[in-house]
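Quick one, structure for this:
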Amino acid sequence: MMHPVDTLKTRIQSQAIITGTKGQKSILQMLQTVLASDGIKGFYRGIVPGVTGSLATGATYFGVIESTKQLIEDVNPNLGGHWSHFFAGAIGDTLGSFVYVPCEVIKQRMQVQGTRSSWCSTVLKENISQRSGAQMYGYYTGMLQAGHSIWKQNGLKGLYAGYWSTLARDVPFAGLMVTFYEAFKDLSEYGKQRLPSGSIIHISNTFEGLLLGGLAGGKFELYVKFISGHLSTFFPLTKK
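Numbers count the residues shown, from 1 in each chain. You can find the predicted model right below:
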């Protein structure tokens, strides 16, 4: 659902590299540009590595969070409560990053490329080659081909471009999100207990989870955007 929004974000962040212009397009202008040059399918370039990275992150994130939280509390009771939630979320995200970051690199490159016709256009090639003086990489036909191409050209370093800046952005965010989610859950339970007996007010667990998860994730969105802007995960666009 949200991949088109992520594509717009990636295009906006990388447009200075691609076009060489100082002016930055707005979200609406970029949406019109992608739609005109690539059509609807341009918004979904890179969705396979995107989903793969999200699955890996989600599996490790939620798969280890409860066991890690319990282990931390058993080893050091002083780190119980919110501290154990923070470290459990941070560890889960760190483990997922080993798969997530290469998928993110591949996803971003494919998002920037768009469709074959737009990537292979003469204007695009000239804009990049005039500044870099290097040969541009070819069009990626799929996730595996893209990964193999990056590995062949740049090695492991290419697949993990921006790894440390990604950790600097995501690990604290993951820890804080879990911490605030658990804190909001405690607050919600306290509020339910304070309701008068026989109250007709009822909130489903699904809606409560969506609401509390949204609040926990949005609490530090400004932090994430600040880190993203200063520790950008820009990838190498040209051969060395």
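
Please make it C-alpha for all contacts and neighbour counts, starting now.
OK.

The residue most central in space within the chain: what's its closest spatial neighbour, skipping adjacent residues?
For the chain, residue 104 is the residue whose C-alpha lies nearest the centre (C-alpha atoms, centre = their mean; 7.2 Å). Leaving aside its chain neighbours, residue 104 sits nearest to residue 50 (6.4 Å; criterion: C-alpha to C-alpha, 6 or more residues apart in numbering).

correct me, but the one you found touches residue 105?
No: using C-alpha atoms under 8 Å, residue 50 is not in contact with residue 105; the gap is 9.5 Å.

Compare neighbour counts for the two and give me the winner.
Using other C-alpha atoms under 10 Å, the more surrounded residue of residue 50 and residue 105 is residue 105, with 27 against 22.

Now the host helix or strand of the residue nearest to residue 104: buried residues?
Taking DSSP states H and E as the definition, one finds residue 50 inside helix 47-75. Judged by neighbour count using 16 or more other C-alpha atoms under 10 Å, the buried positions of helix 47-75 are 47-54, 56-61, 64-66, 68-70, 72-73.

and the next element down the chain from whichever strand or helix holds residue 86?
For residue 86, the element it lies in under DSSP H and E is helix 82-113. Sequence-wise, the next helix or strand downstream of helix 82-113 (DSSP H and E) is helix 116-119.

Looking at that next one now, give me its mean pLDDT.
On average, the pLDDT along helix 116-119 is 79.

cool, and stretch 43-61?
For stretch 43-61, mean pLDDT rounds to 89.

from here on, count from 380
Sure thing, new numbering starts at 380, so read that last one as stretch 422-440.

Need the contact partners of it.
Contacts with stretch 422-440, where a contact means C-alpha atoms under 8 Å, 6 or more residues apart in numbering, come from 382-384, 386-387, 413-414, 468, 470-472, 474-476, 478-480, 482-483, 485-490, 493-494, 522.

And stretch 441-454, by the same measure?
458, 459, 463, 464, 466, 467, 468, 470, 471.

Now flag whichever of these is closest to residue 564.
Distance to residue 564 across the contacts of stretch 441-454 (C-alpha to C-alpha) is lowest for residue 464, with 12.5 Å.

Helices along the chain, start to end?
Applying DSSP state H to the chain gives helices spanning 382-398, 406-417, 426-454, 461-492, 495-498, 501-511, 522-538, 542-573, 584-597, 600-609.

follow-up on the earlier one: show me what counts as buried in the helix holding residue 465.
By 16+ other C-alpha under 10 Å, the buried positions in helix 461-492 come out as 461-476, 478-492.

which helices and strands sit right next to that helix?
Identification of packing neighbours for helix 461-492 by 3 or more C-alpha pairs under 8 Å, 6 or more residues apart in numbering; DSSP states H and E yields helix 382-398, helix 426-454, helix 522-538, helix 542-573.

any idea how far residue 586 lies from residue 457?
33 Å (C-alpha to C-alpha, to the nearest Å).

now do residue 438
Applying C-alpha to C-alpha, the value for residue 438 to residue 457 is 28 Å.
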